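Asker: With the input below, show me the fold.
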Amino acid sequence: MSVPLVGAVDTAVVGHLPDAIYIGAVALGAIIFNFLFWGFGFLRMGTTGFVAQAYGAGHVDEVRATLARALLLAVALGIVVVALQFPIGLLAFWAFSGSVELESLANSYYVVRVWSAPATLANYAILGCLIGIHNTRAALALQLVLNITNVFLDLLFVLGLGWGVQGVALASVISEFVALAFASWLVMRNLNRLGGQWARARIVDISRLKALLHVNINIFVRTLCLIFAFSYFTAMGTKMGEITLAANAVLLHLQHFLAYGLDGFAFAVEALAGSAYGARNRGAFRTAVRVTTIWALIVAGLFTILYAVLGTSIINVITGIEPVRLAAADYLIWVLVSPVLSVWSYQLDGIFIGTTRPVEMRNGMVLSLLVYLLAIWLFIPLLGNHGLWLSLMIFMVTRAITLGLWYPRIERSMQ
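Answerer: Residues are numbered from 1 along each chain as shown. Below you'll find the model as predicted:
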């Protein structure tokens, strides 16, 4: 739950500036980096799956090699993103257009934030390794360093120095590099405790590189579909006016809090089920799935209660703009039903990531995206922004159904 704190604070800081356009600018800029950074989310997910299985099988050298391969790929991709920032920006602002003033503010965010790419992607790889070796306390420490640094710099740069949207972006860049320095120390400390050696021959092993490429390409396609779904959600909101766009941005932060909160149990099942799968321990695998899912359901119910009681108050903390507050309150009902509808897809994602089943994840996400786009086409003309939120809920349910139908394949593979 510490992860979406960055975005929520970003929005809260600009949400108390005098115009809703600042919230929209940060939201639009964030969409671009959702594509850029979440698109490379396989660096976290693929690393967790491979590390968990190697850890469960007792192959410590392979844990190190998996991290090395992921870090090399992360830094290379980060440098490519920085080098191609101009054409990427042109394409992004063509795809997600808004008013001239909105795009200008969002671009000022983009040209600063893009420099965080190498650090952000390297942090993904290290985070994946820490989760894979079951050290989620270390993963939490990494996220807290990142988020607390970002919050402090947000307040300093925006409210203290008056740097506006650019200050929000610069805070994110600096906090990512501070977190990378801490993450490097943290992961080396954990690897030294585990033992093993860095073996260059193992790191560049062709068969393992092929397996990494196979998993990462499929997770990449899956993640792009997921990012597109949420980005298209925001893009549809831009067509409904700046107030609706800002209200949706505020409510999406509540969605992200519950998503990441529930992802905690998905991460747990990635590590625990992945290790059991690597050890071919079917009993431990089933226990991991059952226990994490029960706790995820309990927490989902608590989120619904929390948002029912405090949802309006949370909205008021994030923004002081009255029209945005009222609009967000009108659509709050969707955030109340979201936890119990979304929890299943998060848990199943964790199971499929931990057992490195990327093809099923890719196919399920593509099918879910098609259903989602059809729902938008049907319901927005009838229900407006309520139709947009309904379509997002349908998307979540479809994700769970598709993966649920393929889950028995994992059980059978362990016989």
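
Asker: how about low-confidence regions in the stretch 301-415 of the chain?
Answerer: Low-confidence segments of the stretch 301-415 of the chain, defined by pLDDT under 70, are located at 415.

Asker: how about a cut-off of 80?
Answerer: For the stretch 301-415 of the chain, the stretches flagged by pLDDT under 80 are 318-320, 413-415.

Asker: Could you pull out the helices in the stretch 151-300 of the chain for me?
Answerer: Counting by DSSP state H, counting those that start in this stretch, the stretch 151-300 of the chain has these helices, from start to end: 164-194, 200-203, 206-238, 242-278, 282-318.

Asker: name the helices or strands packed onto the second one?
Answerer: Packing partners of helix 200-203 (3 or more Cβ pairs under 8 Å, 6 or more residues apart in numbering; DSSP states H and E): helix 60-83. Quick note: C-beta positions are derived from backbone N, CA and C, even for glycine.

Asker: and the residue nearest to Leu67 when sequence neighbours are not counted, what does it touch?
Answerer: In space, and not counting its chain neighbours, Leu67 is closest to Cys129: 4.5 Å by Cβ to Cβ, 6 or more residues apart in numbering. For Cys129, the contacting residues are Thr47, Thr48, Val51, Val63, Thr66, Leu67, Ala70, Val187, by Cβ atoms under 8 Å, 6 or more residues apart in numbering.

Asker: and these, which are buried?
Answerer: Neighbour counting by 16 or more other Cβ atoms under 10 Å classes Thr47, Thr48, Val51, Val63, Thr66, Leu67, Ala70, Val187 among the contacts of Cys129 as buried.

Asker: Verify the stated contact: the last one with Ile126.
Answerer: Translated: Val187. Yes: between Val187 and Ile126 a contact is recorded at 4.9 Å, counting by Cβ atoms under 8 Å.

Asker: Nearest to Phe285 among the contacts of Cys129?
Answerer: Thr48 (15.7 Å; Cβ to Cβ).

Asker: So what does the closest one have for phi and psi?
Answerer: phi -60, psi -50 (degrees, to the nearest 10).

Asker: how about it, what does it touch?
Answerer: Gly128, Cys129, Ile131, Gly132, Phe267, Glu270, Ala271, Gly274, Ile353, Gly354.

Asker: residues near the third one, how many?
Answerer: By the measure other Cβ atoms under 10 Å, the count of residues near Ile131 is 26.

Asker: quick one: Asp263 from Phe285, how far?
Answerer: Separation of Asp263 from Phe285 (Cβ to Cβ, to the nearest Å) stands at 20 Å.

Asker: Tell me which of these two has more neighbours.
Answerer: Neighbours per residue, other Cβ under 10 Å: of Asp263 and Phe285, the larger number sits with Phe285, 26 against 20.

Asker: Is it correct that that one is in contact with Gly274?
Answerer: No: counting by Cβ under 8 Å, Phe285 does not reach Gly274; the two are 9.1 Å apart.

Asker: before we move on, back to that, now for Val187 and Ile126: what residues contact both?
Answerer: Going by Cβ under 8 Å, 6+ apart, residues that sit against Val187 and also against Ile126 are Leu67.

Asker: Would you indicate which residues of stretch 395-412 are buried?
Answerer: Buried residues in stretch 395-412, counted by 16+ other Cβ under 10 Å: Phe395, Met396, Thr398, Arg399, Ala400, Thr402, Leu403, Trp406, Ile410.

Asker: what does it contact?
Answerer: 229, 277, 282, 338, 341-342, 344-345, 348-349, 351-352, 355, 357, 360-361, 363-365, 367-369, 371-372, 375.

Asker: before we move on, what about stretch 275-294?
Answerer: 52-57, 134, 265-266, 268-269, 272-273, 347, 350-351, 354-355, 410-411, 414-415.

Asker: let's see it at 6 Å
Answerer: 52-53, 55-57, 265, 268-269, 272-273, 347, 355, 414 (Cβ atoms under 6 Å, 6 or more residues apart in numbering).

Asker: mind checking pLDDT for the residue lying closest to Gly41 once chain neighbours are set aside?
Answerer: Excluding its sequence neighbours, the residue lying closest to Gly41 (Cβ to Cβ, 6+ apart) is Thr223, at 4.7 Å. We note a pLDDT of 84 for Thr223 in this prediction.

Asker: which ones are touching Thr223?
Answerer: Contacts of Thr223 by Cβ under 6 Å, 6+ apart are Trp38, Gly39, Gly41.

Asker: related to what we said a few turns ago, drop anything exposed from the contacts of Thr48.
Answerer: Buried among the contacts of Thr48 (16+ other Cβ under 10 Å): Gly128, Cys129, Ile131, Gly132, Phe267, Glu270, Ala271, Gly274, Ile353, Gly354.

Asker: Reformat the residues you listed as CSV; add distance to Ile88.
Answerer: Formatted as CSV, these follow (distance: Cβ to Cβ, whole Å):
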residue, distance to Ile88
Gly128, 24
Cys129, 28
Ile131, 29
Gly132, 30
Phe267, 29
Glu270, 30
Ala271, 33
Gly274, 33
Ile353, 27
Gly354, 32
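
Asker: Helix or strand with the lowest mean pLDDT in this protein?
Answerer: Here the helix or strand of the chain ranked lowest by mean pLDDT, DSSP states H and E is helix 5-15, holding a mean of 65.

Asker: tally of neighbours for Val291?
Answerer: By other Cβ under 10 Å, the residues close to Val291 number 14.

Asker: Between the buried residues of stretch 395-412, which sits nearest Gly311?
Answerer: Relative to Gly311, the closest of the buried residues of stretch 395-412 is Met396; by Cβ to Cβ it sits at 18.5 Å.

Asker: Got phi/psi on the closest one?
Answerer: Here is the backbone geometry of Met396 (degrees, to the nearest 10): phi -60, psi -40.

Asker: Now it. Nearest residue, chain neighbours left out?
Answerer: Ser342 (4.6 Å).

Asker: and the angle for the strand or helix carrying Arg362 with helix 206-238?
Answerer: Take DSSP states H and E as the rule and Arg362 turns out to sit in helix 358-383. Orientation of helix 358-383 against helix 206-238 (axes from the mean of the first three to the mean of the last three Cα atoms, to 10 degrees) gives an angle of 0 degrees.

Asker: For helix 358-383, could you pull out the residues that count as buried?
Answerer: 358, 360-365, 368-369, 371-372, 375-376, 379-380.

Asker: Quick check: phi and psi at the spatially closest residue to Ala179 that is not a sequence neighbour.
Answerer: For Ala179, ignoring the flanking residues on the chain, the nearest one in space by Cβ to Cβ, 6+ apart is Leu146 at 3.8 Å. Dihedral pair for Leu146: phi -60, psi -50, per degrees, to the nearest 10.
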